[in-house]
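Chemist: quick one, structure for this:
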Amino acid sequence: MPATAPAKPRRPEEPAGPLLRVDSLHVRFGSQEVLRDISIDLEPGQTLVVLGESGCGKTVLLKSMIGLIRPTEGEVQFEGRSLSGLNDRSLAHLRTRYGFVFQGAALFDSLTILDNVAFPLREHTRIPDAEIRSIVGGLLDEVGLPRSVLTKKPVQLSGGMRKRAGLARALALDPQLMLYDEPTTGLDPIMSDVINELILRVHERPHVTSVVVTHDMHTARKVADRVIMLYPVFRLRPDEPQIVFDGTVEELDGSRDPRIRQFVEGRAGARLMELREEQARDHGIPAESPTDTETDTHEGEPDA
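Modeler: Alright, predicted model coming up:
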């Protein structure tokens, strides 16, 4: 088994074993297979980064982890309880233990930032409104937003500020499991690193476990205890596993698997060749030969 960073100590009431277990998960939409035989054990206190190119099923996996997408086969367990066996009410209650940071922040456009961040507290608790306002102020402090944004609408904020407001809302119920869907997409390098630092800061909270879906290698290197990489099902042979890597960032950087090297190094040569071959098949014409800049002498090397 690949080496991973040690998990944080469990709470006394936490059961032994993984916090979240994905067991032989398959997801299909009609005839389209998106996830194939995915199995992951997520230990308490771990930060798992899920890498992969667009369209490989990363967000589908993330939504399956919290029951927003039901598996075609297999199951997801949280603390040993199968999500498939829960009714809608029980599933909604369980989700109060999750914090979900959506790719586009997913704030309510018609609400102020105060009301956006306060929403889960008003929806799921009976905390007095004056105390809620105090909690919201503290959450804004935690994510580095000035309290002057409390009365603003999301449209009045920059992309980075909206992301941080979304993070503050996700933290409102003091979640046990944090899930981030492409948290740095659309941000400049400096603001992306601000978000990465906030992910690290959130992880310092007691008993927080995190899953970060991204294609950003800088994010992976900065926040991950463990990395898995998914490969698109349609590009795999029937007998090939969809998880092509599971290990540490250091092991990822040392892998010689050409699929991993192509992603880590951001090389498009092999993919351009594949696209040309697909176009040639569609039109019944010979594929063009690759140029020198599109090939890499190391892509044919076997995995170490």
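Chemist: what is the rounded mean pLDDT of stretch 196-205?
Modeler: Mean per-residue pLDDT for stretch 196-205: 92.
Chemist: burial check on the residue nearest to Ala224 when sequence neighbours are not counted, number of neighbours?
Modeler: Of all residues not flanking Ala224 in the chain, Val49 sits nearest, at 3.9 Å (Cβ to Cβ, 6 or more residues apart in numbering). To be clear about C-beta, it is placed using only N, CA and C from the backbone, and glycine gets the same treatment. Counted with other Cβ atoms under 10 Å, residues neighbouring Val49 total 26.
Chemist: quick one: Val49 is in a strand?
Modeler: Yes - under DSSP: H, G, I helix; E, B strand; the rest coil, Val49 falls within a strand.
Chemist: give me the element Ile38 is part of.
Modeler: In the assignment (DSSP states H and E), Ile38 maps to strand 32-42.
Chemist: for that strand, the distance to its chain's centre please.
Modeler: In terms of Cα atoms, centre = their mean, to the nearest Å, the centre of strand 32-42 is found 14 Å from the chain centre.
Chemist: for it, packing partners?
Modeler: Other helices and strands packing on strand 32-42, by 3 or more Cβ pairs under 8 Å, 6 or more residues apart in numbering; DSSP states H and E, are strand 20-29, helix 58-65, strand 73-78, strand 243-247.
Chemist: mind doing that once more with 6 Å?
Modeler: With contacts taken as 3 or more Cβ pairs under 6 Å, 6 or more residues apart in numbering; DSSP states H and E, strand 32-42 sits against strand 20-29.
Chemist: what strands line up against the strand it packs on, and which way round?
Modeler: Looking at strand 20-29 with DSSP bridges, its partner strands are strand 32-42 (antiparallel), strand 73-78 (antiparallel).
Chemist: so what's Ser24 closest to, chain neighbours aside?
Modeler: Gly74 (3.9 Å).
Chemist: I'd say the one you found and Val22 touch.
Modeler: No - if you go by Cβ atoms under 6 Å, Gly74 and Val22 don't touch, sitting 7.5 Å apart.
Chemist: in the stretch 201-304 of the chain, where is pLDDT below threshold?
Modeler: 268-304 (pLDDT under 70).
Chemist: where do the strands of it begin and end?
Modeler: 209-213, 226-230, 243-247 (DSSP state E, counting those that start in this stretch).
Chemist: next, format the ones you listed as a markdown table and append distance to Leu62.
Modeler: Below are the strands of the stretch 201-304 of the chain laid out as a markdown table (distance: least, Cβ to Cβ, whole Å):
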| stretch | distance to Leu62 |
| --- | --- |
| strand 209-213 | 5 |
| strand 226-230 | 11 |
| strand 243-247 | 15 |
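Chemist: for these, give me JSON lines that also has distance to Arg256 and mean neighbour count.
Modeler: Output for the strands of the stretch 201-304 of the chain, formatted as JSON lines (distance: least, Cβ to Cβ, whole Å; neighbours: other Cβ atoms under 10 Å):
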{"stretch": "strand 209-213", "distance to Arg256": "25", "mean neighbour count": "25"}
{"stretch": "strand 226-230", "distance to Arg256": "14", "mean neighbour count": "24"}
{"stretch": "strand 243-247", "distance to Arg256": "11", "mean neighbour count": "18"}
